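Visitor: I would like to see how this sequence folds:
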Amino acid sequence: MSVPLLYKPEAAAEELCISRATMFTLLKDGRIESVTIGRSRRIPRAALLDYVARLRASTGAAPPPPTPGLLDDDGGPTTPIAANAYVQGSRPIPTAGGGDHAA
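Guide: Sure, this is the predicted structure:
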């Protein structure tokens, strides 16, 4: 499943686990960036990540480790890792079918 580039305010609120009203307050106060397409307001995924980074910085929290499928070091999108792909230091996740069997 792909990660959306733009969110409706309701979906962005759900992504941050906050209420719709709180999301609209953050948008109105300019604390989360939004764009308009016609009459619709959308929130870029990067704006949500920036907001969370600012919250973490204001509390003195350590920066989070990189998350596959979000943004890479230069801010560009990365390719999500498949659920059964090998990641350094890990093992593949078993599938419902019981793994790799020749048919």
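Visitor: Got phi/psi on P4?
Guide: phi -60, psi 150 (degrees, to the nearest 10).
Visitor: Only the buried residues of stretch 20-28, if you could.
Guide: M23, L26, L27 (16 or more other C-beta atoms under 10 Å). From N, CA and C alone the C-beta is placed, and that goes for glycine too.
Visitor: again, but for stretch 8-24
Guide: P9, A12, A13, L16, M23.
Visitor: cool, stretch 39-46 as well?
Guide: R41, R42, I43, P44, R45.
Visitor: Spit out the contact partners of E10.
Guide: Taking C-beta atoms under 8 Å, 6 or more residues apart in numbering, we find E10 in contact with R20, M23.
Visitor: Now the helix ranked longest in the chain: buried residues?
Guide: If you go by DSSP state H, the chain has its longest helix at helix 45-59. Buried residues in helix 45-59, counted by 16+ other C-beta under 10 Å: R45, A47, L48, Y51.
Visitor: Can I get these in TSV including distance to L5 and pLDDT?
Guide: Putting those into TSV (distance: C-beta to C-beta, whole Å; pLDDT from 0 to 100) gives the following:
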residue	distance to L5	pLDDT
R45	6	97
A47	11	97
L48	11	97
Y51	16	97
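Visitor: so where's the chain uncertain?
Guide: Low-confidence segments of the chain, defined by pLDDT under 70: 63-103.
Visitor: Show me where it has its strands.
Guide: For the chain, the strands defined by DSSP state E cover 6-7, 35-37, 40-44.
Visitor: Dump these to CSV, plus distance to T59.
Guide: Below are the strands of the chain laid out as CSV (distance: least, C-beta to C-beta, whole Å):
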stretch, distance to T59
strand 6-7, 24
strand 35-37, 28
strand 40-44, 22
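Visitor: Of these, which is nearest A61?
Guide: Between A61 and the strands of the chain, the tightest spacing by C-beta to C-beta is seen for strand 40-44, at 22.3 Å.
Visitor: and that closest one, what other elements does it pack with?
Guide: Applying 3 or more C-beta pairs under 8 Å, 6 or more residues apart in numbering; DSSP states H and E, one finds that strand 40-44 contacts strand 6-7, helix 9-16, strand 35-37.
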